[in-house]
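Q: Below: sequence and its predicted model.
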Amino acid sequence: MDIFLASTSRQQFIHRLRSKRVKNGKVILFTGYDYFLQKLDLRNLLEKFQEVVLVPRFIDETYLIQEAISPLFHKYGDIHLVANPEYEERYRIIYEFAARNNKSIKIITVYDFCEKHLRKVYVPDSVHERNPRLGKLKPKGVFQQVSKSFIDVSLASVLLAVTSPLWLLSRIRIAQQSPGPTFYKQKRIGLNYQEFDCVKFRSMRLDAEAFGAQFSSKRDKRVFGYGAFMRATRIDELPQLLNIFRGDVSLVGPRPERRVFVESFEEMIPHYASRHVVKPGITGYAQVMYPYGTGVKDARHKLMYDLYYIRNWSLGLELRIVWKTVVTVLSFGGF
């Protein structure tokens, strides 16, 4: 359900999103494009602000003032500006205009805004830009390692016992619909770039990658009937419990990818390598916060959540992700 209306001004692509419900005289302005905002973010912002304005990086100064800034200052009394310091010219122009006209404006960097309000880490759109806050990421220390190990082993043991009938059922149905191996092993990249065999129930035909490595998609034609059911209910992920006992993965963490995709993403997405400072997970913050997707754009959005998880890990966040995973599975939401 949309709660905003979108309009585009001329050909400059200044987007104005207006709330249908909020009438509080508050507006938030972004001096960048919406490349780090997803629909969920905009929906949440429009629960707090009457209008959200997205200004592109490269735009004529006169047009910026006349079409975006001046009308906002006349219309609203509470203006918030999210600025990217890498593009100082954009917010300097706005700040100086506010000072000349005796208008107040609240400024926050895109780095702080993403972490405090969107609960994700800002990842630049270009490999030529970096987030100075990231530096070298590290796990939180001994408490995190001990806590995660306890949660991993405890929940994996319970899940293995509870789901044992599904293992038998899956073996029978796979044999009926697509004769061949019950399990599917695939090399994935884990902690510190170490490669491991990720084990799943096979959900695709045996010739699924006859033409090379491909991303899975939500309606993948290579998937047979029961395989689609396993994916929707996450039954195909159950054998990864064995990876937990082997120490390859945790229950929660960044989703492990294949080397060919990791190498490709690292060339196109800033800070992508940082996700390998912790063990990958069967589920993760990105999986429960971002819809199913493939390609560079989706990988970048998921990385924002993965890096937030690494930077802001807590026992509470870990347990919330586990709970959200349970809800997602029971609602057949998939990841």
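A: Ah, there it is.
Q: just checking, Val110 touches Phe36?
A: Yes - between Val110 and Phe36 there is a contact under CB atoms under 8 Å: 7.3 Å. For every residue, glycine as well, the C-beta is placed using N, CA and C.
Q: Need the overlap of contacts for the two.
A: Contact with both Val110 and Phe36 is made by residues Tyr122, according to CB atoms under 8 Å, 6 or more residues apart in numbering.
Q: Alpha carbons only: can I get stretch 306-324 in PDB?
A: Extracted in PDB, the C-alpha atoms of stretch 306-324 (Å, rounded to 0.1, in the frame of the first residue of the first chain):
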ATOM      1  CA  ASP A 306      25.300  -6.800   6.300                       C
ATOM      2  CA  LEU A 307      27.700  -4.100   7.300                       C
ATOM      3  CA  TYR A 308      25.200  -2.600   9.800                       C
ATOM      4  CA  TYR A 309      25.000  -6.100  11.400                       C
ATOM      5  CA  ILE A 310      28.800  -6.300  11.600                       C
ATOM      6  CA  ARG A 311      29.200  -2.800  13.000                       C
ATOM      7  CA  ASN A 312      26.300  -2.800  15.400                       C
ATOM      8  CA  TRP A 313      26.100  -6.500  16.500                       C
ATOM      9  CA  SER A 314      24.400  -7.100  19.800                       C
ATOM     10  CA  LEU A 315      22.700 -10.100  21.300                       C
ATOM     11  CA  GLY A 316      19.400  -8.400  20.900                       C
ATOM     12  CA  LEU A 317      19.900  -7.800  17.200                       C
ATOM     13  CA  GLU A 318      21.000 -11.500  16.700                       C
ATOM     14  CA  LEU A 319      17.800 -12.700  18.400                       C
ATOM     15  CA  ARG A 320      15.600 -10.300  16.400                       C
ATOM     16  CA  ILE A 321      17.000 -11.600  13.200                       C
ATOM     17  CA  VAL A 322      16.300 -15.200  14.300                       C
ATOM     18  CA  TRP A 323      12.700 -14.200  15.200                       C
ATOM     19  CA  LYS A 324      12.200 -12.400  11.900                       C
END
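Q: mind starting the numbering at 58 from now?
A: In the new count, where the first residue is 58, that last one comes out as stretch 363-381.
Q: quick one: that stretch to chain centroid distance?
A: How far stretch 363-381 lies from its chain's middle: 13 Å, per CA atoms, centre = their mean, to the nearest Å.
Q: Return the mean pLDDT over that stretch, rounded to an integer.
A: Summarised as a single mean, pLDDT over stretch 363-381 is 95.
Q: And the residue nearest to Glu314 when sequence neighbours are not counted, how close does it get to Arg316?
A: By the measure of CB to CB, 6 or more residues apart in numbering, the closest residue to Glu314 outside its immediate chain neighbours is Ile246, 6.1 Å from it. Look at Ile246 and Arg316: by CB to CB, to the nearest Å, they are 6 Å apart.
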